[in-house]
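# pasting a predicted model and its sequence here:
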Number of protein chains: 2
Amino acid sequence: MSNPGFHPHDHHRCISDAMTAAEAHCAANRLHLTPVRRRTLEILLSEHRALGAYDILARLDAAGFGGQPPVAYRALDFLTMHGFVHKIEALNAYVACAIPGGTIAGHAPAFLICRACGKVEEAEAEPAKGPLARAARAAGFDIERAVIEAQGLCPGCKEVPA
Amino acid sequence: MSNPGFHPHDHHRCISDAMTAAEAHCAANRLHLTPVRRRTLEILLSEHRALGAYDILARLDAAGFGGQPPVAYRALDFLTMHGFVHKIEALNAYVACAIPGGTIAGHAPAFLICRACGKVEEAEAEPAKGPLARAARAAGFDIERAVIEAQGLCPGCKEVPA
DNA sequence: CGCAATATGTTATACTATATCAAGTGTGAT
DNA sequence: ATCACACTTGATATAGTATAACATATTGCG
């Protein structure tokens, strides 16, 4: 269990560690983790699921940050740009990065998405390995970004198919 | 050059071969390749690029098939369901399958998408290999569907960065 | 201070996708 | 032949996702 998606863990701790790491990363890189951005990250960290932008927006609105779409999209832009959050393209939804440091440059995440419970586990895709990289080399193609997302059933939901 | 995305080829031939294969596959499996579905596939085959649903819809409308969204989405549903077309999740767009037979059951496509010229090359992802499958086994996760999409620069566009 | 860069507020709109119900078409069974 | 059924299409409306554009405020810094 390299990361917490499908496994029991101290979730309160998991959130606060990630927030601490994010603050440290922002401080070290002169990035502004403003209240709305901070709150957006907290919302995503509070679940190991991908949330839609309008779902996030509703929670931001409830917390007093305003209910217009750009409020959510701007915060998500900042957080994804700096690696605190990833977009799950297959769901048009967003999930907090599971790697506490926030951002490893060139970090290429892969996701396991449970269609039953919605939980998302993040793994390291190891660029330069795997079929994608092989196909790219063969074609003379330079990969700048990779979307690697698997959908299926997590260990817990396999046991309770209904 | 296993497939034609980034390379010169006899494109007219490439289209007609794919249409012939699609017809054969439909005939063999009691599927109805109706005029609007056929035309949609022709539109996508005519480019090695991913087209948005509304782009396709506009071309269907111009060809006299009606301009309401369900016209395009129903045709795309049919074509993707049976493996003639794939959705590129990172672009919310659709591309014709590059494997002429139409559908190999369990076929897991991977895509190389050029951000400059928009062309898409399709490769076989070889399920059960690569980082995704390794992470899934480690987590006890059953993969049902995989989205594997790389964005970057194709060989032609690398040479002309401007 | 005063400028430039960054961040937020606000309105409007564009783009992507599906629900729903009605009507037509084809196919096989009796 | 015609009935029943599944499948396909027509048409309207609406849901869901995302960005453009412009005004205002805040911050960092010379």
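On my side now, so go ahead.
# isn't A:Ile113 up against A:Cys157?
No. Counting by C-beta atoms under 8 Å, A:Ile113 does not reach A:Cys157; the two are 11.4 Å apart. All C-beta atoms are positioned from the backbone trio N, CA, C, and that covers glycine.
# so which of those two has more stuff around it?
More neighbours sit around A:Ile113 than around the other of A:Ile113 and A:Cys157, counting by other C-beta atoms under 10 Å in any protein chain shown; the figures are 27 against 18.
# SS state for that one?
Judged by DSSP: H, G, I helix; E, B strand; the rest coil, the three-state class of A:Ile113 is strand.
# mind jotting down where the strands sit in chain A?
A:85-88, A:93-96, A:109-114, A:120-124, A:142-153 (DSSP state E).
# residue ranges with poor pLDDT in chain A?
A:1-3, A:100-106, A:127-129, A:161-162 (pLDDT under 70).
# how about 80 then?
Counting by pLDDT under 80, chain A has low-confidence residues at A:1-5, A:7-8, A:100-107, A:125-131, A:160-162.
# gap between the residue of it found nearest DNA strand C and chain B?
Of all residues in chain A, the one sitting closest to DNA strand C is A:Thr34 (3.2 Å; C-beta to the nearest atom of the strand). Distance, A:Thr34 to chain B, by C-beta to the nearest C-beta, to the nearest Å: 28 Å.
# could you list the buried residues of the biggest helix by length in chain A?
Residue-count comparison of every helix in chain A, with assignments taken from DSSP state H, identifies helix A:11-28 as the longest. Of the residues in helix A:11-28, those scored as buried under the neighbour-count criterion (16 or more other C-beta atoms under 10 Å in any protein chain shown) are A:14-15, A:18-19, A:21-22, A:25-26.
# same check, this time on stretch A:58-67
Neighbour counts over stretch A:58-67 (16+ other C-beta under 10 Å) mark A:59-60, A:65 as buried.
# JSON lines please, covering the residues you listed and showing distance to DNA strand C.
Written out in JSON lines, the entries for the buried residues of stretch A:58-67 read as follows (distance: C-beta to the nearest atom of the strand, whole Å):
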{"residue": "A:Arg59", "distance to DNA strand C": "14"}
{"residue": "A:Leu60", "distance to DNA strand C": "9"}
{"residue": "A:Phe65", "distance to DNA strand C": "6"}
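# enumerate the residues of chain A near DNA strand C.
Within chain A, the positions near DNA strand C by C-beta under 7 Å from any atom of the strand are A:31-32, A:34-37, A:65-66, A:68-71, A:74-75, A:78.
# switch the cut-off to 6 Å
With C-beta under 6 Å from any atom of the strand as the criterion, chain A comes near DNA strand C at residues A:32, A:34, A:36, A:66, A:68-71, A:74.
# from these, which two are the most distant?
Considering C-beta to C-beta, no two members of these lie farther apart than A:His32 and A:Pro69, which are separated by 20.9 Å.
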